[in-house]
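1. return a 3D structure for these sequence lines:
(one chain, ligands or ions: 1)
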Amino acid sequence: MKEKEGKEKEEKKEEKQKEGKEKQAEKQADYDALLDNLYARLPERKGTGERFEPPVAELFFEGNKTTIRNFGEVCARLRRKPEELAKYLFKELAAKGALEANGSRLALNARLTPRQVNEKLDYYIQGTVLCKECGKPDTHVETMQGTRTLVCEACGARKPVR
Ligand SMILES: [Zn+2]
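-> Residues are numbered from 1 along each chain as shown. As a prediction, the model looks like this:
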(Lines give C-alpha, C1' and ligand atoms only; values in the text may rest on other atoms or scores of the structure.)
Protein backbone atom coordinates (compact mmCIF):
# COMPACT_ATOMS: atom_id res chain seq x y z
CA MET A 1 0.00 0.00 0.00
CA LYS A 2 2.72 2.37 0.97
CA GLU A 3 4.66 1.44 -2.12
CA LYS A 4 1.75 2.37 -4.36
CA GLU A 5 1.34 5.75 -2.68
CA GLY A 6 5.00 6.36 -3.12
CA LYS A 7 4.79 5.64 -6.81
CA GLU A 8 1.82 7.93 -7.25
CA LYS A 9 3.66 10.71 -5.50
CA GLU A 10 6.62 10.09 -7.74
CA GLU A 11 4.40 10.35 -10.83
CA LYS A 12 2.86 13.55 -9.60
CA LYS A 13 6.28 14.98 -8.98
CA GLU A 14 7.33 14.14 -12.52
CA GLU A 15 4.20 15.79 -13.86
CA LYS A 16 4.91 18.89 -11.86
CA GLN A 17 8.49 18.96 -13.13
CA LYS A 18 7.23 18.69 -16.68
CA GLU A 19 4.84 21.57 -16.11
CA GLY A 20 7.65 23.62 -14.69
CA LYS A 21 9.83 23.00 -17.70
CA GLU A 22 7.03 23.99 -20.05
CA LYS A 23 6.49 27.19 -18.12
CA GLN A 24 10.18 27.92 -18.28
CA ALA A 25 10.19 27.38 -22.03
CA GLU A 26 7.28 29.78 -22.32
CA LYS A 27 9.12 32.34 -20.27
CA GLN A 28 12.21 31.96 -22.43
CA ALA A 29 10.12 32.48 -25.57
CA ASP A 30 8.61 35.62 -24.07
CA TYR A 31 12.04 36.89 -23.21
CA ASP A 32 13.36 36.18 -26.70
CA ALA A 33 10.42 38.02 -28.22
CA LEU A 34 11.08 40.93 -25.91
CA LEU A 35 14.73 41.08 -26.95
CA ASP A 36 13.85 40.82 -30.64
CA ASN A 37 11.48 43.68 -30.18
CA LEU A 38 14.09 45.73 -28.38
CA TYR A 39 16.79 45.15 -30.97
CA ALA A 40 14.40 45.92 -33.80
CA ARG A 41 13.86 49.35 -32.31
CA LEU A 42 17.56 50.14 -31.86
CA PRO A 43 19.18 52.25 -34.56
CA GLU A 44 21.44 50.29 -36.89
CA ARG A 45 24.75 51.29 -35.52
CA LYS A 46 27.62 49.45 -33.96
CA GLY A 47 28.78 50.27 -30.49
CA THR A 48 27.00 51.54 -27.44
CA GLY A 49 26.53 54.83 -25.68
CA GLU A 50 25.05 58.03 -26.91
CA ARG A 51 25.05 58.96 -30.54
CA PHE A 52 27.68 61.40 -31.70
CA GLU A 53 26.17 64.61 -33.04
CA PRO A 54 28.63 65.98 -35.59
CA PRO A 55 29.30 69.73 -35.18
CA VAL A 56 28.00 72.11 -37.85
CA ALA A 57 30.07 75.03 -39.12
CA GLU A 58 28.37 78.42 -38.70
CA LEU A 59 29.39 80.98 -41.28
CA PHE A 60 29.33 84.71 -41.77
CA PHE A 61 30.30 86.65 -44.84
CA GLU A 62 32.18 89.86 -45.54
CA GLY A 63 32.63 90.65 -49.20
CA ASN A 64 34.39 87.65 -50.73
CA LYS A 65 35.49 86.33 -47.39
CA THR A 66 33.77 83.44 -45.59
CA THR A 67 34.41 82.98 -41.89
CA ILE A 68 33.61 79.96 -39.76
CA ARG A 69 32.62 81.68 -36.55
CA ASN A 70 32.54 78.54 -34.37
CA PHE A 71 35.71 76.97 -35.73
CA GLY A 72 37.31 76.64 -32.29
CA GLU A 73 34.28 74.79 -30.93
CA VAL A 74 34.17 72.50 -33.95
CA CYS A 75 37.84 71.58 -33.42
CA ALA A 76 37.29 71.05 -29.69
CA ARG A 77 34.34 68.75 -30.35
CA LEU A 78 36.41 66.75 -32.82
CA ARG A 79 39.50 66.95 -30.60
CA ARG A 80 41.61 68.08 -33.54
CA LYS A 81 44.08 70.94 -33.75
CA PRO A 82 42.68 74.05 -35.49
CA GLU A 83 45.79 74.10 -37.71
CA GLU A 84 45.12 70.55 -38.89
CA LEU A 85 41.46 71.06 -39.79
CA ALA A 86 42.27 74.47 -41.34
CA LYS A 87 44.88 72.87 -43.59
CA TYR A 88 42.37 70.25 -44.70
CA LEU A 89 39.68 72.84 -45.48
CA PHE A 90 42.09 75.12 -47.38
CA LYS A 91 42.98 72.20 -49.61
CA GLU A 92 39.51 70.72 -50.05
CA LEU A 93 37.82 74.07 -50.62
CA ALA A 94 40.68 75.31 -52.81
CA ALA A 95 40.79 78.49 -50.78
CA LYS A 96 43.44 80.36 -48.89
CA GLY A 97 42.75 81.73 -45.48
CA ALA A 98 43.90 82.19 -41.93
CA LEU A 99 43.04 81.33 -38.37
CA GLU A 100 41.73 84.27 -36.38
CA ALA A 101 41.26 85.00 -32.69
CA ASN A 102 43.61 82.26 -31.47
CA GLY A 103 42.06 79.65 -33.72
CA SER A 104 38.51 80.24 -32.57
CA ARG A 105 37.56 81.47 -36.07
CA LEU A 106 38.68 80.47 -39.53
CA ALA A 107 38.62 83.00 -42.36
CA LEU A 108 38.54 81.70 -45.93
CA ASN A 109 39.26 83.98 -48.86
CA ALA A 110 36.41 82.71 -50.98
CA ARG A 111 32.67 83.05 -51.16
CA LEU A 112 31.42 79.68 -49.95
CA THR A 113 28.01 78.30 -49.08
CA PRO A 114 27.26 76.62 -45.73
CA ARG A 115 26.61 73.46 -47.71
CA GLN A 116 30.05 73.48 -49.36
CA VAL A 117 31.82 73.99 -46.06
CA ASN A 118 29.80 71.45 -44.09
CA GLU A 119 30.12 68.84 -46.81
CA LYS A 120 33.91 69.01 -46.49
CA LEU A 121 33.65 69.06 -42.72
CA ASP A 122 31.53 65.89 -42.90
CA TYR A 123 34.12 64.19 -45.12
CA TYR A 124 36.76 65.08 -42.58
CA ILE A 125 34.70 63.68 -39.70
CA GLN A 126 33.89 60.47 -41.58
CA GLY A 127 37.43 60.02 -42.82
CA THR A 128 39.67 61.07 -39.97
CA VAL A 129 37.62 61.37 -36.79
CA LEU A 130 35.07 58.55 -36.50
CA CYS A 131 36.38 55.05 -35.77
CA LYS A 132 35.71 52.69 -38.69
CA GLU A 133 35.03 49.83 -36.27
CA CYS A 134 32.80 51.24 -33.56
CA GLY A 135 31.80 54.61 -35.00
CA LYS A 136 32.90 56.57 -31.95
CA PRO A 137 34.64 59.93 -32.20
CA ASP A 138 37.10 59.22 -29.35
CA THR A 139 40.10 58.95 -31.63
CA HIS A 140 43.45 60.53 -32.37
CA VAL A 141 45.88 60.33 -35.25
CA GLU A 142 49.37 58.91 -34.79
CA THR A 143 52.07 59.40 -37.38
CA MET A 144 54.75 56.76 -37.54
CA GLN A 145 57.36 56.76 -40.30
CA GLY A 146 55.16 58.94 -42.44
CA THR A 147 52.08 56.74 -42.08
CA ARG A 148 49.07 58.31 -40.44
CA THR A 149 47.01 55.94 -38.31
CA LEU A 150 43.64 56.62 -36.74
CA VAL A 151 43.69 55.15 -33.24
CA CYS A 152 40.39 54.57 -31.43
CA GLU A 153 40.50 55.12 -27.69
CA ALA A 154 37.12 53.43 -27.24
CA CYS A 155 37.75 50.06 -28.94
CA GLY A 156 41.47 50.11 -29.75
CA ALA A 157 41.07 49.77 -33.53
CA ARG A 158 43.87 51.16 -35.70
CA LYS A 159 43.28 52.14 -39.31
CA PRO A 160 45.49 54.00 -41.74
CA VAL A 161 44.16 57.41 -42.79
CA ARG A 162 45.13 59.97 -45.39
ZN1 LIG B 1 36.53 52.20 -32.13
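
2. need the contact partners of stretch 95-108.
-> Contact with stretch 95-108 is made by 65-69, 71-73, 75, 82-83, 85-86, 89-90, 93, 109-110, 112, 117, as judged by C-beta atoms under 8 Å, 6 or more residues apart in numbering. All C-beta atoms are positioned from the backbone trio N, CA, C, and that covers glycine.

3. so how do I select the buried members of those residues in ChimeraX?
-> Buried members of the contacts of stretch 95-108, defined by 16 or more other C-beta atoms under 10 Å, are picked up in ChimeraX with:
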select :66,67,68,69,71,72,75,82,85,86,89,90,93,112,117
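
4. residue ranges in this structure under the pLDDT threshold?
-> For the chain, the stretches flagged by pLDDT under 70 are 1-21, 23, 31, 34-35, 37-49.

5. same thing but at 90, please
-> Applying pLDDT under 90 to the chain flags the ranges 1-52, 144-146, 162.

6. what does it put close to the ion?
-> In this structure, the chain approaches the ion at residues 131, 133-134, 152, 154-155, 157, judged by C-beta under 5 Å from the ion.

7. switch the cut-off to 8 Å
-> Residues of the chain found near the ion, taking C-beta under 8 Å from the ion as the criterion, are 47, 131-136, 138-139, 152-157.

8. can you flag the buried ones in the residues you listed?
-> Buried among the residues of the chain next to the ion by 16+ other C-beta under 10 Å: 131, 134-136, 138-139, 152, 154.

9. just to check, F52 is in contact with D138?
-> No. F52 lies out of contact with D138 (C-beta atoms under 8 Å); the separation is 9.1 Å.

10. returning to what we had before: now, which of the buried ones among the residues of the chain next to the ion lie within strands?
-> Of those, the ones assigned to strands by DSSP state E are 139, 152.

11. ok, now how distant is F60 from the ion?
-> Separation of F60 from the ion (C-beta to the ion, to the nearest Å) stands at 35 Å.

12. how many neighbouring residues does that residue have?
-> F60 has 10 neighbours, counted by other C-beta atoms under 10 Å.

13. quick check: phi and psi on it?
-> Per-residue torsions, F60: phi -140, psi 160 (degrees, to the nearest 10).
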